[in-house]
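S.K.: structural data only, the sequence is not supplied:
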């Protein structure tokens with residue numbers, strides 16, 4: 001069976017797609033929620049089985065335009081715990 005140029009191109013394209021998918025899924029983009037005193041209430045609420053949406057509503061009390069502003073490139077969402085994960089080992 002003869003390997004043609006188009007076969008090699010198709011194989012290279014498939015390999016490129018796989019590499020890009022692996023790079024996107026492995027890379028962690030968001031910082032975890034700090035395990036400090038300020039965020040302790042969030043950890044406790046989630047440990048007690050709190051609703052993620054309810055817990056996230058409290059984030060805006062500190063992370064708004066004046067107190068602790070979000071970075072300029074931050075997405076305009078209040079779905080904090082989707083990207084920012086709670087640390088497994090808290091302090």
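M.R.: Cool, the structure landed. No experiment lies behind these values; they were computed from the predicted model shown.

S.K.: could you find the closest non-adjacent residue to residue 34?
M.R.: Nearest residue to residue 34 in three dimensions, chain neighbours excluded: residue 87, at 7.9 Å (C-beta to C-beta, 6 or more residues apart in numbering). Placement of C-beta: from N, CA and C, glycine included.

S.K.: ok, how many other residues are close to that neighbour?
M.R.: For residue 87, the number of neighbouring residues by other C-beta atoms under 10 Å comes to 12.

S.K.: that one reaches residue 32, doesn't it?
M.R.: Yes - Residue 87 sits in contact with residue 32 when judged by C-beta atoms under 8 Å, with a separation of 5.2 Å.

S.K.: ok so, going back, what's the residue nearest to residue 34 in contact with, if anything?
M.R.: 32, 33, 34, 35 (C-beta atoms under 8 Å, 6 or more residues apart in numbering).

S.K.: who wins for most neighbours among the residues you listed?
M.R.: Top of the contacts of residue 87 by neighbour count (other C-beta under 10 Å): residue 33, with 19 neighbours.

S.K.: am I right that residue 41 is in a strand?
M.R.: No - residue assignment for residue 41, taken from DSSP: H, G, I helix; E, B strand; the rest coil, gives helix, which places it outside any strand.

S.K.: which residue ranges of this structure form helices?
M.R.: In order along the chain, the chain carries the following helices (DSSP state H): 5-26, 40-47, 52-57, 80-83.

S.K.: which parts of the third one are buried?
M.R.: To tie it back to what came earlier, the one meant is helix 52-57. Under the neighbour-count criterion of 16 or more other C-beta atoms under 10 Å, helix 52-57 has 55, 56 buried.

S.K.: which residues touch it?
M.R.: 42, 45, 46, 78, 79, 80, 81.

S.K.: for stretch 64-71, same thing?
M.R.: Against stretch 64-71 from outside (C-beta under 8 Å, 6+ apart): 61, 62, 63.

S.K.: contacting residues for the first one?
M.R.: Residues in contact with residue 61 (C-beta under 8 Å, 6+ apart) are residue 67.
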